[in-house]
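Colleague: Here is a sequence with its predicted model. Questions after.
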Amino acid sequence: SLSQPEREGMFHRGPGLNLTSGQYTAPIAGYYAFTSTLHIVHREPRRKGQACRGSRLRVLICVQSRCQHNSNLETISQLESSGDLFTISVTGTLYLQAGQYASVFVDNMAGSPLTVQRGSDFSAILLGV
């Protein structure tokens with residue numbers, strides 16, 4: 001069954017995704033293919049006398065919010081310049097028990113403000129049990 005999108009441009013099918021919490025809850029136990037693509041604007045505050053150097057950003061998809069365990073997918077990107085829109089993606093397969101959830105986390109190791117832009121996405125597809 002195809003449900004109506006909450007906002008223009010959104011695609012939402014199936015019962016597992018909660019748009020309020022940002023969590024995908026597995027309806028049945030199995031292997032799920034997860035993908036998240038984030039469009040991010042990085043704004044580096046200007047500091048006098050400090051060289052502009054790249055900083056890192058980590059994006060994870062974690063099971064039950066336990067990002068420090070092995071039940072996660074992650075990617076790390078180098079932020080080279082400030083003020084530009086850049087895209088970072090994380091993808092892979094995770095095993096979820098029925099009722100477990102997965103969600104996207106951004107670990108901002110840059111220490112400067114980041115804004116996630118419209119058009120970013122998060123998806124989960126059941127591959128098999």
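Modeller: Arrived safely, thanks for sending.

Colleague: All the helices of this structure, residue numbers only.
Modeller: Here the chain has no helices by DSSP state H.

Colleague: Within the sheet, what are the partner strands of the helix-or-strand element of the chain with minimal mean pLDDT, with directions?
Modeller: Counting by mean pLDDT, DSSP states H and E, the chain has its least confident helix or strand at strand 17-18, which shows a mean of 78. Sheet pairing of strand 17-18 (DSSP bridges) gives strand 23-25 (antiparallel).

Colleague: What separation do you get for residue 85 and residue 118?
Modeller: 11 Å (CB to CB, to the nearest Å). Just so you know, the C-beta spots here come from the backbone N, C-alpha and C atoms, and that holds for glycine as well.

Colleague: list the residues that contact both of these two?
Modeller: residue 39 (CB atoms under 8 Å, 6 or more residues apart in numbering).

Colleague: Name whatever forms a beta bridge with residue 61.
Modeller: residue 73, residue 104.

Colleague: the strands in the chain, which residues?
Modeller: 17-18, 23-25, 30-42, 55-63, 72-79, 85-96, 101-108, 114-116, 121-128 (DSSP state E).

Colleague: Can you show me the CA trace of the third one as PDB?
Modeller: Once non-C-alpha atoms are left out, strand 30-42 reads as follows in PDB (Å, rounded to 0.1, in the frame of the first residue of the first chain):
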ATOM      1  CA  GLY A  30      15.800  -9.900   8.400                       C
ATOM      2  CA  TYR A  31      18.600  -8.200   6.400                       C
ATOM      3  CA  TYR A  32      17.800  -4.700   5.300                       C
ATOM      4  CA  ALA A  33      19.600  -2.500   2.800                       C
ATOM      5  CA  PHE A  34      19.900   1.000   4.200                       C
ATOM      6  CA  THR A  35      20.900   4.200   2.300                       C
ATOM      7  CA  SER A  36      21.100   7.800   3.400                       C
ATOM      8  CA  THR A  37      22.200  10.700   1.300                       C
ATOM      9  CA  LEU A  38      22.500  14.000   3.100                       C
ATOM     10  CA  HIS A  39      22.900  17.400   1.400                       C
ATOM     11  CA  ILE A  40      24.800  19.600   3.900                       C
ATOM     12  CA  VAL A  41      25.900  23.200   4.100                       C
ATOM     13  CA  HIS A  42      29.000  23.800   6.200                       C
END
